[in-house]
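Undergrad: 3D model of this:
(2 chains)
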Amino acid sequence: MASYDVIVIGGGPGGYVAAIRAAQLKKKTAVVERDKAGGRCLNYACIPAKTVLNTAEIYAEVTENGAELGLKSQTSIDWPAVQARREKVSKTLEDGVTMLWKKNKIDFLAGEASLEGAGKVKVGSDSHEAKTIILATGSVAMSIPGIDFSDRVLDTWGAWSLPKMPKALVVAGAGASGSEIASAYARMGVKVTLVEMLDQLLPAEDRDMARVVERQFKKDGIELLLGTKVEGVKETKTGVTVTAGDKQIKADHLLIAGGRSPDTDALRLEAAGVETEEGGRIKVDDFMLTSANGIYAIGDLVRGPALAHKAAEEGVVAAEHGTGTPTHPVDLSLVAGATFCHPQVAGVGMTEEEAKASGREYKVGKFKLGGAGASVVYDDRAGLVKIIGDPEYGEILGAHIVGNRACDMISELVVTKALEGGYQELARIVHPHPTMSEAVLDAARAVEGWPIHA
Amino acid sequence: MTDIVMPRLSDSMEEGTVLKWLKSVGDEVAVGDELVEVETDKANMVYESDTAGTLAEVLAKEGDTLPIGEVIARIGDGSEVVAGDVGGSGLPHHAAPSPGEGSGDGAAATVRTTTATPAASAPTDPPPTQPAASSDGQRVKASPIAKRIARERGVDLAGLSGSGPGGRIVKADVERALGSGGGPAPASPTAAVDVATAKGQTQVLELTKLQQTVARRMAESKATAPHFYLQAELDMSAAVAGRTKLKQMAGEGDVVPTYNDMVVKACAIALREFPRANGAYRDGKIELYSRVNVGVAVAAQDALVVPTVFDSDLKGLRQIATETRALASRVRDGQITPPELSGGTFTVSNLGMYGVSNFHAVINSPQAGILAVGELKAKAVVSDEGQIVAREMMGVTLACDHRILYGADGALFLKRVRELMEEPIGLAL
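TA: Model (predicted):
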């Protein structure tokens, strides 16, 4: 039994950051993790996904566009090597997190944690005391009602770690994860059917963004079934037969990218009086404090989007608030979404549909990436920057980018919005040439009707 | 030696207070050099010397209040520095070459306004306060959006404390200040000793010169001018539709008139038609004016003034809109000058943006009336066909000085304003 200032339960992107922040504040800190440092993001979700997507991206660029770029090659996919690299990337990052914990003198308590009333955490058979406890156990994949996961019916982690290069896949769910899976495999030559219950690809995104992605998905040979439900699946020796709407689709696997549900089973929340709300999420205030004194919860356990970068910042806030350090709540309207399919989609704030529904006045500036000189250089012209502004004071209500560098480009719009810069300011900020970011500049000008390159 | 006297810096100025000497005894003074900062009843102004030489003697101490014409300093050729002066720096005598005699009378000098302070003519707004520290160009940590809202809504950022990281003022802080009708009051110039009474600690605040003027003139107006009030609800639906159209038609950078600009124009047209409304009761006589100059009350956190739109009846809506905007921004930037604050023949005061439905304003004496404008809001009204319909309504109250503007005259004037606002095409004539 040991006594700590702060115990963080879960070593994922939220938890590992919370632990480091607490340690920086000179608090005796431990982090409990039953699996690997870095958690699901780093070992089973974001990082593996982006690693495989990166290979798919380069492969498709060389095979489909090599001639245009002056490249001649015989390229093929070495799937075991792709998987080995995926493991290596995760391992490198996992070691990095472990090193950071060591450097900050954070104790790593291996095992599964549960709450034992106020200020007490049980790990395996050991009990520990902590003034502040931060819950950061993340979420688990949900299946579709009536369908169970199996060797053939896989969640997103299964999708990124397939033992063999598949020939055909059915992906259920065209949100961020499903679209990434569909895009990666389609660009590696796999026959992909993407099934979505709602009537829009990437249903949470601005419609203009979804349209650009849809065009590319069709070019990549993805069969898109919108407004369609996966009704059932029959497993055979060699694969599955999926019933979606009135279609029967044969494939190697059914991959389910449905939704995620908070991973709280092992925590014994009730023992500490931690209240939950809709969807089993833990109720928290602006500073991530739960209904129980001294217990905080962050990331996928609480309201808001299930995003690693949101969890990390909430971890900082929880660590600071829990140690009596002045802090600022995370503004969820400033958490950008980032989807890494081809083309990427990134956005912050309101979509145009949301702005319209709110009944407020708004102005839109759109600028196609093709108008930026850099896009011709890279022969990568598909995409769009869209800024939704409040005409009264120029506030950026929302900003959205679709294009191959969207997830790297969105940050300047997040920063502008966070610092309360208006589109007027953005329109006067010099952007380096030749870069894709010049499209952001012209989109800001476009809100006031004067894009130079359109 | 040339005498420098307390200058008359505005038509209503009787005395001035020396706020700060900008030169010390012994300093060389060139024509146009800033010599002294003076507080008048209307503004704090920098007095620029039109006499060259060496500041020989300072007679008025900082804080002294002197009637106009009183000698406050002397400028000489450098040989007559009086040691031990109040403003003296104790520096050794400067052997300054004298470029020649000054203008002689010492009264003529150019004046630059440093800080706009309220005119005494916006009776219904919260009492003006001493300018906060930001107007002097100190950097205020605030976001661009916060600054823009503050500029357009007349909030002085210096009076706010920021809730952003590092105390940065963000949008929410400005909105909170607007919501509560202004941020925390800026520190008072003179806070006096606490006296414990049954009411707890008492803080006694000395009035600034401006506050004294406001207090005196408001009390005089209410006590001597027999006010009566005429209220009306204007159907602004056509004006709203018209403005929406103007907005759509407006090109890049075009100024779109506000509803208040329309009220100014409507009043101006009506004032032209009702000469008594455009007059004043002064010393048992009625004065009628040939020019129609509508004053527009502009609220700023540290300043509350009534800049004048001269010849409002002859100006188009866009010009009125452009001028009121420019005037308001000059008020907020502390650039407004006394001539821009005087000469008004009628006043419009609008508190609609604070959600006030209707209110009674105190007449800006000796004017004959003041129109108080409330919030524009959709309301259920009974139409001519007997149906209950939603219309954009705006409450206005005309306060009249019964010594010049009688009930029927006032009512006809208000009726005309109503016609013009309800059929706003007339404003375009």
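Undergrad: Relative to B:A239, how far out is B:E385?
TA: For B:E385, the distance to B:A239 equals 21 Å [CB to CB, to the nearest Å]. Any C-beta I mention is one placed from the backbone N, CA and C, and that applies to glycine too.
Undergrad: Could you check the pLDDT of B:V86?
TA: The model reports B:V86 with a pLDDT of 42.
Undergrad: check contacts around the residue of the stretch 301-429 of chain B found nearest chain A.
TA: Going by CB to the nearest CB, chain A is nearest to B:M353 of the stretch 301-429 of chain B, at 12.7 Å. Going by CB atoms under 8 Å, 6 or more residues apart in numbering or on different chains, B:M353 touches B:153, B:375.
Undergrad: got the buried residues for stretch A:135-154?
TA: Buried residues in stretch A:135-154, counting neighbours by 16 or more other CB atoms under 10 Å in any protein chain shown, are found at A:135-139, A:141-142, A:144, A:147, A:152-154.
Undergrad: what about B:E385 and B:A239, which has more around it?
TA: B:A239 (24 against 6; other CB atoms under 10 Å in any protein chain shown).
Undergrad: show me what contacts the more buried one?
TA: B:259, B:262, B:392, B:421-422, B:424.
Undergrad: Show me which of the residues you listed are buried.
TA: B:259, B:262, B:392, B:421, B:424.
Undergrad: If you tally nearby residues, what's the number for the residue lying closest to A:L419 once chain neighbours are set aside?
TA: Take A:L419 and drop its neighbours on the chain: the residue closest to it by CB to CB, 6 or more residues apart in numbering or on different chains is B:S143, 5.8 Å away. The number of residues packed near B:S143 is 24, by other CB under 10 Å.
Undergrad: Same question for A:R268.
TA: Residues contacting A:R268 under the criterion other CB under 10 Å number 15.
Undergrad: Am I right that it is in contact with A:G117?
TA: No. Assessed by CB atoms under 8 Å, A:R268 is found out of contact with A:G117, at 9.6 Å.
Undergrad: middle-most residue in chain B, spatially?
TA: The residue lying closest to the centre of chain B (CA atoms, centre = their mean) is B:V305, at 1.3 Å.
Undergrad: does residue 233 belong to a helix or a strand, and which?
TA: If you meant another chain, say so; for now it's chain A. According to DSSP states H and E, A:V233 maps onto strand A:230-235.
Undergrad: The chain in question should be chain B.
TA: Per DSSP H and E: strand B:227-235 holds B:E233.
Undergrad: following that strand, which helix or strand comes up?
TA: Defined by DSSP H and E, the subsequent element after strand B:227-235 is helix B:237-249.
Undergrad: Please pull up the helix or strand immediately following that next one.
TA: Later in the chain than helix B:237-249, the nearest helix or strand by DSSP H and E is helix B:259-273.
Undergrad: Flag every buried residue along whichever strand or helix holds B:M393.
TA: Here B:M393, judged by DSSP H and E, is contained in strand B:388-401. Under the neighbour-count criterion of 16+ other CB under 10 Å, strand B:388-401 has B:391-401 buried.
Undergrad: Tell me the strands beside that strand, with direction?
TA: Strand B:388-401 pairs in its sheet with strand B:227-235 (antiparallel), strand B:369-382 (antiparallel), by DSSP bridges.
Undergrad: Could you tell me the angle between that strand and helix B:259-273?
TA: Angle of strand B:388-401 versus helix B:259-273, following axes from the mean of the first three to the mean of the last three CA atoms, to 10 degrees, is 50 degrees.
Undergrad: Would you check the distance separating strand B:388-401 from the middle of the chain?
TA: 26 Å (CA atoms, centre = their mean, to the nearest Å).
Undergrad: Can you show me the CA trace of the helix or strand following it as CSV?
TA: Downstream of strand B:388-401, the next assigned helix or strand under DSSP H and E is helix B:407-422. Below are the C-alpha coordinates for helix B:407-422, written out as CSV (Å, rounded to 0.1, in the frame of the first residue of the first chain):
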residue,chain,number,x,y,z
GLY,B,407,-49.4,69.3,-25.9
ALA,B,408,-51.0,69.5,-29.3
ASP,B,409,-47.7,70.7,-31.0
GLY,B,410,-45.8,67.9,-29.4
ALA,B,411,-48.4,65.4,-30.4
LEU,B,412,-48.4,66.6,-34.0
PHE,B,413,-44.6,66.5,-34.0
LEU,B,414,-44.7,62.9,-32.7
LYS,B,415,-47.4,62.0,-35.2
ARG,B,416,-45.2,63.2,-38.0
VAL,B,417,-42.2,61.2,-36.7
ARG,B,418,-44.5,58.2,-36.5
GLU,B,419,-45.7,58.6,-40.1
LEU,B,420,-42.1,58.9,-41.3
MET,B,421,-41.0,55.8,-39.4
GLU,B,422,-44.0,53.7,-40.4
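Undergrad: Could you name the helices and strands sitting against helix B:407-422?
TA: For helix B:407-422, the elements it packs on are strand B:227-235, helix B:237-249, helix B:259-273, strand B:369-382, strand B:388-401, judged by 3 or more CB pairs under 8 Å, 6 or more residues apart in numbering or on different chains; DSSP states H and E.
Undergrad: which stretch in the ones you listed is the model least sure about?
TA: helix B:237-249 (a mean of 91).
Undergrad: which parts of that one are buried?
TA: Residues of helix B:237-249 classed as buried by neighbour count (16+ other CB under 10 Å): B:237, B:239-240, B:242-243, B:246.
Undergrad: go on, stretch B:35-54?
TA: Those would be B:35-54, for stretch B:35-54 by 16+ other CB under 10 Å.
Undergrad: and chain A, what are its domains?
TA: Per the record, chain A has its domains at A:3-140+A:261-332, A:144-257, A:343-447, by automatic domain parsing.
Undergrad: what sits against the residue in chain B positioned nearest to chain A?
TA: Scanning chain B for the residue nearest chain A gives B:S143, at 3.3 Å (criterion: CB to the nearest CB). Contact analysis of B:S143 by CB under 8 Å, 6+ apart lists A:419-421, B:164, B:168-171.
Undergrad: What pLDDT does the model give the residue lying closest to A:E129 once chain neighbours are set aside?
TA: Excluding its sequence neighbours, the residue lying closest to A:E129 (CB to CB, 6+ apart) is A:S3, at 4.4 Å. A:S3 is assigned a predicted lDDT (pLDDT) of 95.
Undergrad: How much space separates the closest residue to A:P434 other than its chain neighbours from A:S437?
TA: Leaving aside its sequence neighbours, A:P434 sits nearest to A:A374 (CB to CB, 6+ apart; 4.2 Å). Distance, A:A374 to A:S437, using CB to CB: 8 Å.
Undergrad: now swap in B:L207 and tell me
TA: Applying CB to CB, the value for B:L207 to A:S437 is 56 Å.
Undergrad: Quick one: residues contacting the closest residue to chain B within the stretch 201-350 of chain A.
TA: With CB to the nearest CB, the shortest gap between the stretch 201-350 of chain A and chain B falls at A:H328, namely 6.1 Å. A:H328 makes contact with A:317, B:164-165, according to CB under 8 Å, 6+ apart.
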